[in-house]
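# What would the 3D arrangement of this be:
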Amino acid sequence: MLGQDGTSGRNNLRLTGLTDLDLAFGKRFKITESKTFQLRSEMFNALNHPNFADYVNQFASPNFNTYTTTATNMRQMQLGAGFNF
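As a prediction, the model looks like this:
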């Protein structure tokens, strides 16, 4: 009945664990004794695994029993270069 406790088990609507892998690779080149050049590559959420969030559990909602957003961003990559003196 509406407004009363249901028969669902405890923690029935818990979300799954968070899966996220961040990677970084770098290479430093020595130019002189005191000067170096560095190349760097970084990748966030390298596996591009979706981590779902905001499970809709309100019966009256049109999105009932669905996930509406993700908890992490999609895969992002960046490159960098630096000169140290």
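
# Every contact and neighbour count from this point should use C-alpha atoms.
Fine.

# any idea how far residue 34 is from residue 40?
Note on residue 34: its distance to residue 40, by Cα to Cα, to the nearest Å, is 19 Å.

# Find the residue at the geometric middle of the chain.
The central residue of the chain, meaning the one whose C-alpha is nearest the mean C-alpha position (Cα atoms, centre = their mean), is residue 72 at 3.2 Å.

# Would you confirm that that residue contacts residue 51?
Yes. With contacts counted by Cα atoms under 8 Å, residue 72 reaches residue 51, the gap being 6.1 Å.

# Between those two, which contacts overlap?
Taking Cα atoms under 8 Å, 6 or more residues apart in numbering as the criterion, residue 72 and residue 51 do not both touch any residue.

# all strands of the chain, in order?
23-30, 36-44, 52-55, 67-70, 76-84 (DSSP state E).

# any weak-confidence spans in this structure?
Low-confidence segments of the chain, defined by pLDDT under 70, span residues 1-3, 11-16.
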